[in-house]
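Visitor: I'd like to go over a predicted model; first the sequence, then the structure.
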Amino acid sequence: DGGITQSPKYLFRKEGQNVTLSCEQNLNHDAMYWYRQDPGQGLRLIYYSQIVNDFQKGDIAEGYSVSREKKESFPLTVTSAQKNPTAFYLCASTPREQGHRNGYTFGSGTRLTVV
Amino acid sequence: QKEVEQNSGPLSVPEGAIASLNCTYSDRGSQSFFWYRQYSGKSPELIMFIYSNGDKEDGRFTAQLNKASQYVSLLIRDSQPSDSATYLCAVNRGGSARQLTFGSGTQLTVLP
């Protein structure tokens, strides 16, 4: 079945540590996105990528980094510069066709906690 | 002013009633509008989308769009306890980036 796989489901980070969240899709979608959700709040855009080897900052990119070496993969690294990383992280993708009419397909999310 | 605003709720309705969820947006250039349902601890799932002014019906769900007034709403008829979730309104900013901007969500509880 096609879909988006995020791993791990739960992740614990120590102070000063970098961690990488995995996002893989087999939907052949061109665009991929990373969002962060804090309790009781909506989703905020961290980074997005429309094609391989290209990505753009979203609204809250500070303290995060991404890469897009393959169409299927869009990993997110939470660096030590991100001072408040505890949140629910969601990866999403959408196809190129139909332009603005596409909604997103979401992965199941990674819950990151600083310990 | 937030780009996409929703009443945070919580909104409670009795089983069988109509639940009405509202969303306003600030960017007049927005072209498409989406409603996502999110159960606690889960990722959002798309339930409705609308592009044109007026109503769009899908089963028990009706999305309503009024671009002149910059609001979009979701009606859930014959509400069921399984509809209890947070409903997120999302707006496509238009252009080539295909980014969605999300509201903070409205928490709906359907009481048996």
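Guide: That came through, no problem. These numbers come from a predicted model, not from an experiment.

Visitor: Can you classify A:Arg68 by secondary structure?
Guide: Taking DSSP: H, G, I helix; E, B strand; the rest coil as the rule, one finds A:Arg68 in the coil state.

Visitor: quick one: strands adjacent to the worst-scoring helix or strand of chain B on mean pLDDT?
Guide: Least confident helix or strand, chain B: strand B:100-102 with a mean of 91, by mean pLDDT, DSSP states H and E. Applying DSSP bridges, strand B:100-102 is found paired with strand B:85-92 (antiparallel).

Visitor: Tell me which residues are up against the partner strand.
Guide: Residues external to strand B:85-92 that are found in contact with it (CB atoms under 8 Å, 6 or more residues apart in numbering or on different chains): A:42-43, A:100-101, A:103-104, B:3-4, B:6, B:21, B:23, B:25, B:27, B:30-40, B:44, B:72, B:74, B:98-103, B:105-108. For glycine as for every other residue, the C-beta is placed from the backbone atoms N, C-alpha and C.

Visitor: Those in helices, which ones?
Guide: Judged by DSSP state H, those include no members of helices.

Visitor: Please flag which of those residues sit within strands.
Guide: Among the contacts of strand B:85-92, the members found in strands (DSSP state E) are A:43, B:4, B:6, B:21, B:23, B:25, B:32-38, B:72, B:74, B:100-102, B:106-108.

Visitor: from what I can see A:Ala61 touches A:Arg44, true?
Guide: No - counting by CB atoms under 8 Å, A:Ala61 stays clear of A:Arg44, with 10.3 Å between them.

Visitor: same question for stretch B:20-31, mean pLDDT?
Guide: Here stretch B:20-31 scores 92 as its mean pLDDT.

Visitor: for stretch A:15-24, same thing?
Guide: On average, stretch A:15-24 scores 93.

Visitor: for stretch A:39-46, same thing?
Guide: The average pLDDT within stretch A:39-46 is 88.

Visitor: can you list contacts of that stretch?
Guide: A:33-38, A:58-61, A:64, A:66, A:76, A:89-90, B:4, B:8, B:44, B:88, B:99, B:101-105.

Visitor: Mind checking which of those residues are buried?
Guide: By neighbour count, with 16 or more other CB atoms under 10 Å in any protein chain shown, these hold A:33-37, A:58, A:61, A:64, A:66, A:76, A:89-90, B:4, B:44, B:88, B:99, B:101-105 as buried.

Visitor: residue contacts, the residue nearest to B:Tyr36 when sequence neighbours are not counted?
Guide: In space, and not counting its chain neighbours, B:Tyr36 is closest to B:Pro44: 3.8 Å by CB to CB, 6 or more residues apart in numbering or on different chains. By CB under 8 Å, 6+ apart, the contact set of B:Pro44 is A:Leu43, A:Leu90, A:Tyr104, A:Phe106, B:Tyr36, B:Arg37, B:Gln38, B:Leu88.
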